[in-house]
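Enquirer: below is the sequence, then the predicted model.
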Amino acid sequence: MSTKPALRPELAIGEALRAIAHNILDDAAAALESPKDSSAVMVHEVRRQMKRWRAFLRLLAPSVGKDAKDLRIVARDLARDLSGARDPQSAREVFDDLAEQRLLLLPKVSIKAARKHIDDLRTRGEKSALTTKTRLRIADALADASAAVDHWPLHRVTFPDIARGLTASYREARKAVPKSWSDADAETLHEFRKLVVIHGYQMEIVEPLWARFTKMWVAEVHRLRNRLGHYQDLEVLRNLTAPHRPLAQWRLQLERPIAARKHRHLTAAKRGAARLFVEKPSAFQRRLMTMWKTG
């Protein structure tokens, strides 16, 4: 069972929620200050915690009100400030995957040159994103959020409130499942992935209620998220092959392997979504309430 703070029937809901909030913010602060992590790892981890924080704020929005919306906007803007460093790293990771799978019909010298172009983009992105000013802005935002959490009226929150919030996120993600996966464009899949990410992070807070089931559920959500993320990263790589972009000279050689890999991830994502979202939202909510009542 996870050692992270979570909802348990034997604990006061309000204090458990407050502990979860502080845990997320503490993890973000630790990632920002970690001396052992590379810039790429730090950017990835801070962005991950910002997504986790935003998902939590969405869940509590009906109880916290405008404060939750304001904090979510701040977290969104901070994550966007770091995207210039993250996108080239994502492109490098999927490029390396294509190379490891021997899908690139390129000589070694061209693979090496393409990697250098991507790494140059990443270095420039990290230098522009990870300034002292940006780090201070993130640290100040985390401190402000932590102070706000201590004043939230969480003693009023009940588990039915939480169940309704979790169900709302499930319903929204279920509704966003592409009706025709083959016709879904990158933007549609990106929006669907954002809702899947929100659902996954929110479900983590009820993991102890039925550890075996919820661990399986959250793992399945994260697998779907990763498949959609790899698809998105391949789209970032493809964009680097556009005219006048760093990888334009290898567009023809990269186009087919990128398309083949995207198709593979999309096929797996379709299967995963069909498994996860087969249940109607009303049945999903009843399951949550039963889990809470039985502990």
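Expert: Received the coordinates, thanks. Residues are numbered from 1 along each chain as shown.

Enquirer: tally of neighbours for Ser282?
Expert: If you count neighbours by other Cβ atoms under 10 Å, Ser282 ends up with 10. In short, each C-beta sits where N, CA and C put it, glycine included.

Enquirer: kindly provide the distance from it to Val218.
Expert: 21 Å (Cβ to Cβ, to the nearest Å).

Enquirer: center of this structure, which residue is that?
Expert: For the chain, the residue whose C-alpha lies nearest the mean C-alpha position (Cα atoms, centre = their mean) is Val197; its distance is 4.7 Å.

Enquirer: what comes up buried for the host helix or strand of it?
Expert: If you go by DSSP states H and E, Val197 is part of helix 186-203. Within helix 186-203, the residues that qualify as buried are 189, 192-203, counting by 16 or more other Cβ atoms under 10 Å.

Enquirer: from Ala186, how far out is His22?
Expert: According to Cβ to Cβ, His22 stands 36 Å off from Ala186.

Enquirer: about what we covered before: which ones are touching the residue nearest to the centre of the chain?
Expert: Val197 makes contact with 51, 55, 225 under the criterion Cβ atoms under 8 Å, 6 or more residues apart in numbering.

Enquirer: pLDDT value on it, please?
Expert: According to the prediction, Val197 has pLDDT 97.

Enquirer: same question for Ala85.
Expert: Listed pLDDT for Ala85 reads 77.

Enquirer: let me see the contact set for it.
Expert: 39-40, 43, 122, 125-126, 128-130.

Enquirer: check Ala260 too.
Expert: By Cβ under 8 Å, 6+ apart, the residues touching Ala260 are Leu103.

Enquirer: angle of the helix or strand hosting it against helix 186-203?
Expert: Following DSSP H and E, the helix or strand that holds Ala260 is helix 251-276. On the basis of axes from the mean of the first three to the mean of the last three Cα atoms, to 10 degrees, helix 251-276 is oriented at 40 degrees to helix 186-203.

Enquirer: now do the helix or strand hosting Ile73: which elements does it pack against?
Expert: Assigned by DSSP H and E, Ile73 belongs to helix 66-81. Helix 66-81 sits against helix 39-64, helix 132-149, with contacts defined as 3 or more Cβ pairs under 8 Å, 6 or more residues apart in numbering; DSSP states H and E.

Enquirer: how about those helices in JSON lines, adding mean pLDDT?
Expert: What follows is those, written out as JSON lines (pLDDT from 0 to 100):
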{"stretch": "helix 39-64", "mean pLDDT": "91"}
{"stretch": "helix 132-149", "mean pLDDT": "93"}
